[in-house]
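> mind folding the following:
(one chain, ligands or ions: 1)
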Amino acid sequence: MFDKILIANRGEIAIRIMRACRELDVKSVAIYSDADKTSLYTNYADEKYALGNPSPSKSYLNIDKIMDIAIESEAEAMHPGYGFLAENSELRRQCEKNGIVLIGPSRKVIESMGDKITSKKLMKKAGVPVIGGTDSEVTDSDEAVKVAESIGYPVIVKASAGGGGIGMRTVYEEDELVRAIESTQSVASTNFGDSTVFIEKYIEKPRHIEFQILADDHGNTIHVADRECSIQRRHQKLIEEAPSPIMTDELRERMGESAIKAVEYIDYTSAGTIEFLYSGGEYYFLEMNTRIQVEHPITETVTNIDLVKEQLKIASGAELSYSQKDVKVNGHAIECRINAEDPLADFAPNPGKITGYRSPGGPGVRLDSGVYMNYTIPTFYDSMISKLITWGSNRNEAINRMKRALSEYIILGVKTTIPFHKAIMRNNYFLEGDLHTHFVDDHRKGIDDEMTGIMEEETERINRMRSTFMPGKKVAAISVAIGSYLNTAKNHQMKK
Ligand code: MV4
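Numbers count the residues shown, from 1 in each chain. So this is what the prediction gives:
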């Protein structure tokens, strides 16, 4: 095992990785920008090095600076977490040049999975189901019309270099096709410097189901079961659960086998995720994520496998600690992403100072957080405060625990997505497991009404909690603040 590793990330994931380090007796090195001097992870680490300027391109995306710190600190390995440089092949190149192990897959697979046409071709060759459409770049509009006709409308035009929902257009009839191709090409060219596009059959309201995999350098590959991530908004996941509510042993075996075939075919190592779209009993490869993901804790919770420790062990040359038959799904886990955003104002970011904080606990509750009382959430980075994960012996118990944990969770000073999650936990479609990628948009009205009701119901209790943080006369002023919040919520409703 390594003696010391550098964590090239910040916030809750930096702490998550440092926790694995501490359990494995590995020293951790934090890097921090000026905006993260007082962040929890910066001071949790065994050593810390300043990056200076908080702008992402000058700090957590600055490969040269990060490499200099890795060398100076004598770290043997580097963990990139998720986001920032997690899927950047240049970072791996630089690490290789300097004799530092990058905890993650090879440069070749990062590059081939980053290109959607290449990854789709590889998966088809591997025998993994892919969505019907073109296997290569579309340039000729006559050819595009023919392809679309043969697969049938609606179709979707996608940028090969695309990701995160950028560079995608749905097309319902032939008249729109050529224009959609041109516009996707132009968006792709601007955003990714690559105008390559391709066409697929558009699958309406699919489920997003993904498989966690682990592979070592000794030829061992396992899948660590499935997660359902259909509850998202603008390609940002909000709630994930493991297993998928529709999963059966038979379907898991089939999809899991496809996921293993996929990663074995490309000689993938480390932890990774194969994303599928699922619709009408069929599943199709969508994308591969070559990193540890935000939602990895729900898999850890139902399988009792520490995915980050496995990543560190794999990178240090060890064999996987588990074989496929050791992977058992025990009960059900749900993760709610708690963001500093106003769910009644189109999820507008709401960074600021946390003036009151009390985290939930008790049976079946895990909280992965990067914040504390009086911490100021910086404006430079994403707005995730924490991830609340609950476990239950079945889905219903996991949901009831989530409701209970959300009701215990007090965050004052910034608006959060907690009311949104409370509303979802009461939503009948959610309770029935009737999920798809358009869930939030389709049920928007019901969710907003529920949220408004929840905020009204909770005013009294939250006021009481406030008085424990800020005893005395301040409470009256704060009641006014809540009143105005509720008015905003009501105005929002009236506008509809
Ligand atoms: C699709 C699709 C339906 N049909 N492809 C969205 C992000 C990008 N990575 C791929 N995406 C989609 N591709 C076909 N052929 C629907 C989506 C999609 C989606 C996929 C996963 C999770 C959330 C989503 C939300 C909207 C659309």
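> what does the stretch 201-350 of the chain put close to the ligand?
Residues of the stretch 201-350 of the chain found near the ligand (C-beta under 6 Å from any ligand atom) are 201, 202, 203, 206, 208, 232, 235, 277, 286, 287. Where C-beta positions appear, they are placed from N, C-alpha and C, glycine not excepted.
> put the buried members of those residues into a ChimeraX selection.
Selecting only the buried entries of those in ChimeraX, with 16 or more other C-beta atoms under 10 Å as the criterion:
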select :201,202,203,206,208,232,277,286,287
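> from the residues of the stretch 201-350 of the chain next to the ligand, which two are the most distant?
Farthest-apart pair in those is 201 and 232; separation 21.0 Å (C-beta to C-beta).
> how about the residue positioned nearest the centre of the chain, nearest residue that isn't a chain neighbour?
Residue closest to the average C-alpha location in the chain (C-alpha atoms, centre = their mean): residue 294, at 3.9 Å. Leaving aside its sequence neighbours, residue 294 sits nearest to residue 82 (C-beta to C-beta, 6 or more residues apart in numbering; 5.7 Å).
> how about the one you found, secondary structure?
Using DSSP: H, G, I helix; E, B strand; the rest coil, the structure places residue 82 in coil.
> that one and residue 38, how far apart?
Going from residue 82 to residue 38 by C-beta to C-beta, to the nearest Å gives 23 Å.
> ok, these two, which is more surrounded?
Set residue 82 next to residue 38 and count neighbours by other C-beta atoms under 10 Å: residue 82 wins out with 16 against 13.
> confirm for me that that one is in contact with residue 13.
Yes: proximity of residue 82 to residue 13 meets the contact threshold set by C-beta atoms under 8 Å, at 5.9 Å.
> shared neighbours, these two?
Counting by C-beta atoms under 8 Å, 6 or more residues apart in numbering, the shared contacts of residue 82 and residue 13 are 292, 294.
> which residues in the stretch 201-350 of the chain form helices?
With helices called from DSSP state H, counting those that start in this stretch, the stretch 201-350 of the chain shows them at 249-265, 296-303, 307-315.
> burial count for the closest residue to residue 129 other than its chain neighbours?
Spatial nearest neighbour of residue 129, chain neighbours left out: residue 284 (5.1 Å); criterion: C-beta to C-beta, 6+ apart. Residue neighbour count, defined by other C-beta under 10 Å, stands at 21 for residue 284.
> what do you get for the one 5 residues further on?
The burial metric for residue 289, expressed as a neighbour count using other C-beta under 10 Å, is 18.
> what sits against the closest residue to it other than its chain neighbours?
Spatial nearest neighbour of residue 289, excluding adjacent residues (C-beta to C-beta, 6+ apart): residue 273 at 4.2 Å. Applying C-beta under 8 Å, 6+ apart to residue 273 gives the contacts 210, 211, 212, 213, 288, 289, 293.
> ok now do the fourth one, which residues does it touch?
When you say that, I think you mean residue 213. With C-beta under 8 Å, 6+ apart as the criterion, the residues that contact residue 213 are 221, 222, 223, 224, 259, 260, 263, 268, 271, 272, 273, 274.
> just checking, the fifth one touches residue 223?
Yes: here residue 259 reaches residue 223: they are 4.9 Å apart, a contact under C-beta under 8 Å.
> shared neighbours of the two, which are they?
211, 213.
> more neighbours, these two?
Taking neighbours as other C-beta under 10 Å, residue 259 and residue 223 compare with residue 259 leading, 29 against 24.
> next up, the contacts around the more buried one.
211, 213, 223, 274.
> in strands, which of those residues fall?
Residues of these located in strands (DSSP state E): 211, 213, 223, 274.
> what's near enough to touch residue 89?
Residue 89 makes contact with 107, 110, 111, 114, according to C-beta under 8 Å, 6+ apart.
> residues near the first one, how many?
I take that to be residue 107. 17.
> wait, it touches residue 93, no?
Yes: Residue 107 lies in contact with residue 93 (C-beta under 8 Å); the separation is 6.3 Å.
> tell me the pLDDT of whichever residue of the stretch 1-150 of the chain sits closest to the ligand.
Among all residues of the stretch 1-150 of the chain, residue 131 sits closest to the ligand, at 4.5 Å; criterion: C-beta to the nearest ligand atom. pLDDT for residue 131: 97.
> check contacts around it.
Listed by C-beta under 8 Å, 6+ apart, the contact set of residue 131 reads 200, 201, 203, 277, 284, 285, 286.
> switch those over to CSV; also include distance to residue 190 and pLDDT.
Output for the contacts of residue 131, formatted as CSV (distance: C-beta to C-beta, whole Å; pLDDT from 0 to 100):
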residue, distance to residue 190, pLDDT
200, 22, 96
201, 26, 97
203, 27, 98
277, 26, 98
284, 28, 98
285, 27, 98
286, 23, 97
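> tell me the one among those residues nearest to residue 396.
Of the contacts of residue 131, the one sitting nearest to residue 396 (C-beta to C-beta) turns out to be residue 277, at 26.7 Å.
> give me the beta-bridge partners of the closest one?
Taking DSSP bridges, one finds residue 208, residue 284 as the beta-bridge partners of residue 277.
> that one and residue 118, how far apart?
Distance of residue 277 to residue 118, given as C-beta to C-beta: 19 Å.
> what about the chain, any weak spots by pLDDT?
472-496 (pLDDT under 70).
> rewinding a little: I'd like the distance between the residue nearest to residue 289 and residue 416.
In terms of C-beta to C-beta, residue 273 sits 27 Å off from residue 416.
> before we move on, back to that, among the contacts of residue 131, which pair sits farthest apart?
Going by C-beta to C-beta, the pair spanning the contacts of residue 131 furthest: 201 and 285, at 13.5 Å.
> what sits against the residue nearest to residue 294?
Applying C-beta under 8 Å, 6+ apart, we find residue 82 in contact with 9, 13, 291, 292, 293, 294.
> repeat that for 6 Å
13, 291, 293, 294 (C-beta atoms under 6 Å, 6 or more residues apart in numbering).
> helix or strand: which one has residue 397?
Taking DSSP states H and E as the criterion, residue 397 maps to helix 395-408.
> flag every buried residue along the host helix or strand of residue 424.
Element membership of residue 424, judged by DSSP H and E, is helix 418-425. Residues 418, 419, 420, 421, 422, 423, 424, 425 are the ones in helix 418-425 that count as buried (16+ other C-beta under 10 Å).
> got it, and stretch 390-407?
Across stretch 390-407, burial judged by 16+ other C-beta under 10 Å covers 390, 391, 392, 395, 397, 398, 399, 401, 402, 404, 405, 406.
> grab the nearest non-local neighbour of the first one.
Spatial nearest neighbour of residue 390, chain neighbours left out: residue 401 (4.0 Å); criterion: C-beta to C-beta, 6+ apart.
> alright, calling it a day.
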